[in-house]
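In: quick one: sequence and predicted model below, then my questions.
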Amino acid sequence: MSAVAQRLQAIPGFGIDRVAGAAGRDPDVLRLENYDTDIPPLPAAVEATRDAIGRDDANSYLPFSGLDEMKEAVAELIIRRGGPAYDPYAEIVITGEGDGILSALLTLTDPGEEVILTDPTYAGMLQRVRLAGAEPRLMPLRAGGDGWRLDVDALENAATDRTRVLFLMNPGIPSGWLADEAEWAAITRICREREIVLLYWMIFEATAFGGRPIVVPSGLEGMRDLTVTVGSVSLEQRMIGWRVGWTVASAELAPSLGVAHTYNGIVASGFGQIGAVTALRAGDGHVRAAVEEWERRHDELIRQCAGLPVSPAHGGWSVLLDAEACGVSPTELSRRLLEHKVAATPMTDAWGGPVATKHIRFVFSNEPVGRLELLGDRLRAALR
């Protein structure tokens, strides 16, 4: 008998680490395999963190639900972006990074209940649904020359009597899909009519390209108390190593999220929270500057892939290329690309269903435009 629990036997590995390991430390390799960025955090946030390290009050388990000033900064962020007011002390729990998502799923679902996600989706979302004992239901995104679109009919068909949660990131990983007004209308209508909770991971919320507006779904009609928002400073604020996040929900639900967090994540870093407060209260100007640079990199990557089956992203840090449409499997293309000094991750079944598994992902956030200009020739050589 296997000592490994059944829930883990059905969960595949990321695959990113295997590609990164194969790429090694060769400086000539284009590092397009992992969600990192070379754009640094706000200097004042780094300095605030440095000043807090070693302070007794920043090196404590208390308070379990997070520092008051961190909760207040999150509430301010949501309002600043057009969302509703939340009570920082009764409706916001400060967490780590991914543990906030798992705590939310453990709070919102019982084993065997269903969670709707897109195909493709972020592997860390799909596999946490399985870790929680819930069953994922996938709704396809459709690739096009102008970007990805949600199949609204498939969303309607995905919802059943066992559906408890609709789990979205917007812009979405790994596609860069950004819901438009009609898609948000369909999403929110289904949540309201069927009393399905929208679990919304806001970590890329401000990375909207082309002047597209930031949408805070809890601020849409009837969605404040139907939405559980999970966020962190990892991506927009480029503070990956801080591991500080939050969950935001109604006063009725937030205490249960806090209990799940206490027994799952325990507590977020004290000095990390102090740095995160500084970043959030600095406003979104430094975030917009980073987004402008990420958009320049995205546009260069799309130019390098001209004529190939790549749908542009409307936000986020990555785009997908349909490897099967190029006559090669994503895994084989990833192998060939490494031979031509490009590290890129195939979207195996960890990332969704039949849509995801045709694609290979290029992350553009960690390479400057001048280096991305090398991609086109290397990619076409790998496809020969």
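Out: Done, it's in. Residues are numbered from 1 along each chain as shown.
In: for the closest residue to A10 other than its chain neighbours, grab phi and psi.
Out: With sequence-adjacent residues excluded and distances taken as CB to CB, 6 or more residues apart in numbering, A10 is closest to R130, at 6.3 Å. Placement of C-beta: from N, CA and C, glycine included. The main-chain torsion angles of R130 are listed as degrees, to the nearest 10 and equal phi -70, psi -40.
In: can you pull the contacts of R130?
Out: Contact partners of R130, counting by CB atoms under 8 Å, 6 or more residues apart in numbering, are R7, A10, I11, P136.
In: out of those, which end up buried?
Out: P136 (16 or more other CB atoms under 10 Å).
In: list the ones among the contacts of R130 that fall in helices.
Out: Secondary structure assignment by DSSP state H places R7 of these in helices.
In: need the contacts of R130 in TSV with distance to P171 and pLDDT, can you?
Out: Compiled in TSV, the contacts of R130 are given as follows (distance: CB to CB, whole Å; pLDDT from 0 to 100):
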residue	distance to P171	pLDDT
R7	29	83
A10	28	81
I11	25	88
P136	20	97
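In: next SSE downstream of the helix ranked longest in the chain?
Out: Counting residues, the longest helix in the chain under DSSP H turns out to be helix 285-304. Using DSSP states H and E, the helix or strand that directly follows helix 285-304 along the chain is strand 310-311.
In: by contact count, what packs against that next one?
Out: For strand 310-311, the helices and strands in contact under the criterion 3 or more CB pairs under 8 Å, 6 or more residues apart in numbering; DSSP states H and E are strand 318-322.
In: same for the helix or strand following the strand it packs on, what does it pack against?
Out: Per DSSP H and E, the first helix or strand lying C-terminal to strand 318-322 is helix 330-339. In terms of contact count using 3+ CB pairs under 8 Å, 6+ apart, helix 330-339 is assigned the packing partners helix 16-23, strand 345-346, strand 359-363, helix 375-383.
In: Serialize those to JSON lines and add fields for distance to L102 and mean pLDDT.
Out: Rendered in JSON lines, the data for the helices and strands packed on helix 330-339 read as follows (distance: least, CB to CB, whole Å; pLDDT from 0 to 100):
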{"stretch": "helix 16-23", "distance to L102": "19", "mean pLDDT": "91"}
{"stretch": "strand 345-346", "distance to L102": "22", "mean pLDDT": "97"}
{"stretch": "strand 359-363", "distance to L102": "23", "mean pLDDT": "98"}
{"stretch": "helix 375-383", "distance to L102": "35", "mean pLDDT": "98"}
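In: of these, which is nearest S311?
Out: With respect to S311, and counting by CB to CB, the nearest of the helices and strands packed on helix 330-339 is strand 359-363 at 9.5 Å.
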